[in-house]
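# Provide a 3D model corresponding to the input given below.
(one chain, ligands or ions: 1)
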Amino acid sequence: MSEPVQERFLTLQEIVAAARQNLAPGPWGYLIGGTETETTVRRNRHALDSIAFRPRVLRDVRDIDVGGDLFGARTRLPVLLAPVGGLESFVEGGAAAAARASAAFGVPQMLSSVGVPGLEATAAAVDNLRVYQLYVRSDASGVDDCVRRARDHGYRAFCLTVDSAMYSRRERDLAGRFIKPWRADAAAGMAYQAALSWDEVKRFKDRHDLPLILKGIATAEDAQIAVEHGVDVIYVSNHGGRQLDHGLGSAAVLPEVVAAVAGRAQVWVDGGFMRGSDIVKGIALGARCVGLGRLACLGLAADGVAGLVRTLEILEEEVRICLALLGVTSFAALTPAHVAEAPAVVDAGVLSAFPLLGTGAEHPPLPD
Ligand SMILES: Cc1cc2nc3c(=O)[nH]c(=O)nc-3n(C[C@H](O)[C@H](O)[C@H](O)COP(=O)(O)O)c2cc1C
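Sure, this is the predicted structure:
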């Protein structure tokens, strides 16, 4: 009998190591890689590493509530599974496996419009809290049709990814000749993606009442414009460092966006969040929800649905301990006064949150 997943994986580091073992070099490079010099990837971690905690002590922290809430629904943690195209490269069942883990653990999933299975089949796989993310690669009637299908299939909100006017140069994929199956279809729609503007945001808000999320906001200026357009969720993201190279880390951008939004919309964030303490930092700085991109994929690659659920269980434990040691019993009690700027003490990299893996962990496994 195989060892139960709770005993096999005691730490997130063990999950990452298993994922690395299970993935061939092509999908591994696709998963962890970023654009060109991968500076934005590193800055995501560096920004989180540059935040330290200011703990308060002598408070009764026996009962900790680590839950969050999204669109009126309670979530077991204030996190969401960020949209990932091509999940089927990491786990059998692709997006449906992520949906099952989302339901089993109790956090929302944002389904990407690229990858399989699609909108209807993923919704049919399991009843979870779900939202839908679209790359606009069609005319307005195509977008409207997609919104209708999403609403009909129980997606609670609709997300436009706005940081992808061009597809970036991911050199690990190019060097490894890793061809993503969906790229051929993408080519036809890229002109729509490049043409996307605030006019489409206005059109969406005039026409649809599903909450609108803009994913890929990276400045206070754009957050302000989004709020003026009535956008419901400002999702601070640089696509995990996979689009514009030499951007700021998401955690460094978050405070200016939270200040610009001033409570008029929700702010979500992703980019480099790998640990329970990272999630606590994001919420302390004013985010309502933290997206997990690569970490969720690593969980799935380690051991499918069970691997992702185990990843979330360990994160939950890390979060509970972190909140207790900060002297608070829920996320609602966190404030910016619980964090401070501090010099980072590690060399930031996509997997630098996992020091036991050693330096160079991001390189593909050697063939047997
Ligand atoms: C393999 C992979 C595929 C992705 N595909 C999409 C996508 O289809 N749509 C999208 O909006 N973002 C996509 N992203 C970006 C994630 O949604 C998220 O913004 C990013 O991964 C967060 O950074 P992290 O990986 O450091 O957590 C993808 C990221 C990865 C790693």
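
# can you give me the strands for the chain?
Per DSSP state E, the chain carries strands over the ranges 51-53, 68-70, 73-75, 79-81, 109-112, 130-134, 155-161, 212-217, 233-236, 266-270, 289-292, 339-341.

# can you add distance to the ligand, mean pLDDT and mean neighbour count and give the ones you listed back as TSV?
(C-beta placed from N, C-alpha, C; glycine too.) TSV is the format used below for the strands of the chain (distance: least, Cβ to the nearest ligand atom, whole Å; pLDDT from 0 to 100; neighbours: other Cβ atoms under 10 Å):
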stretch	distance to the ligand	mean pLDDT	mean neighbour count
strand 51-53	16	98	18
strand 68-70	16	96	19
strand 73-75	17	97	14
strand 79-81	9	98	28
strand 109-112	3	98	26
strand 130-134	5	98	24
strand 155-161	4	98	22
strand 212-217	5	98	24
strand 233-236	8	98	28
strand 266-270	4	98	25
strand 289-292	6	98	25
strand 339-341	19	98	13
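
# what is the burial count for residue 63?
When neighbours are counted by other Cβ atoms under 10 Å, residue 63 registers 8.

# what parts of the stretch 1-150 of the chain come near the ligand?
30-31, 44, 82-85, 112, 114, 133 (Cβ under 6 Å from any ligand atom).

# and if you look at the stretch 201-350 of the chain?
So far as Cβ under 6 Å from any ligand atom goes, the stretch 201-350 of the chain lies against the ligand at 215, 237, 239-240, 242, 270-273, 291-295, 297.

# what separation is there between residue 222 and residue 316?
According to Cβ to Cβ, to the nearest Å, residue 222 and residue 316 sit 33 Å apart.

# coming back round to it: greatest separation within the residues of the stretch 1-150 of the chain next to the ligand: which pair is it?
Spatial extent of these (Cβ to Cβ) is set by the pair 44 and 114 at 21.7 Å.

# the more surrounded of those two?
Neighbour count, other Cβ under 10 Å: between residue 44 and residue 114, residue 44 has more, with 30 against 21.

# which ones are touching the more buried one?
238, 240-241, 249-251, 271-272, 348 (Cβ atoms under 8 Å, 6 or more residues apart in numbering).

# ok, residue 131 touching residue 153?
No - using Cβ atoms under 8 Å, residue 131 makes no contact with residue 153, being 11.4 Å away.

# what's the spacing between residue 142 and the ligand?
Going from residue 142 to the ligand by Cβ to the nearest ligand atom, to the nearest Å gives 17 Å.

# repeat for residue 314
Taking Cβ to the nearest ligand atom, one finds residue 314 at 16 Å from the ligand.

# just give the number of residues close to whatever residue of the stretch 201-350 of the chain ends up closest to the ligand.
Using Cβ to the nearest ligand atom, residue 293 is the residue of the stretch 201-350 of the chain that sits closest to the ligand, at 2.0 Å. Counted with other Cβ under 10 Å, residues neighbouring residue 293 total 23.

# one step back: which ones among the residues of the stretch 201-350 of the chain next to the ligand map onto helices?
When these are checked against helices (DSSP state H), the matches are 294-295, 297.

# of the residues you listed, which is the nearest to residue 263?
residue 295 (28.6 Å).

# okay, now that closest one: neighbour count?
Neighbours of residue 295 (other Cβ under 10 Å): 27.

# which ones are touching it?
12, 273-274, 311, 315.

# look up how far residue 15 lies from it.
With Cβ to Cβ as the criterion, residue 295 and residue 15 are 9 Å apart.

# now do residue 342
In terms of Cβ to Cβ, residue 342 sits 27 Å off from residue 15.

# what's the answer for residue 116, then?
Taking Cβ to Cβ, one finds residue 116 at 24 Å from residue 15.

# looking at the two, which has the bigger crowd around it?
The residue with more neighbours, out of residue 116 and residue 15, is residue 15; 26 against 16, by other Cβ under 10 Å.

# so what's that one closest to, chain neighbours aside?
Counting by Cβ to Cβ, 6 or more residues apart in numbering, residue 302 is the residue found nearest to residue 15 once chain neighbours are left out, at 4.5 Å.

# can you check residue 341 too?
residue 50 (6.2 Å).

# which residues of the protein fall in helices?
5-8, 12-22, 25-32, 39-49, 94-105, 119-125, 140-152, 171-175, 183-195, 198-207, 220-228, 250-261, 276-284, 294-326.

# distance from the longest one to the middle of the chain?
Relative to its parent chain, helix 294-326 has a centroid offset of 13 Å by Cα atoms, centre = their mean, to the nearest Å.

# so for it, what's the average pLDDT?
For helix 294-326, mean pLDDT rounds to 98.

# contacts for stretch 245-254 next, please.
Against stretch 245-254 from outside (Cβ under 8 Å, 6+ apart): 34-40, 43-48, 50-51, 168, 218-219, 236-238, 241, 267, 269-272, 278, 281-282, 285-287.

# rerun at 7 Å
Here stretch 245-254 makes contact (Cβ atoms under 7 Å, 6 or more residues apart in numbering) with 35-37, 39-40, 43-44, 46-48, 51, 218, 236-238, 269-272, 281-282, 285-287.

# same check on stretch 334-346?
46, 49-54, 280-281, 283-285, 326, 328, 352.

# just give me how far it sits from the chain centre.
The mean C-alpha position of stretch 334-346 is separated from the chain mean by 21 Å, Cα atoms, centre = their mean.
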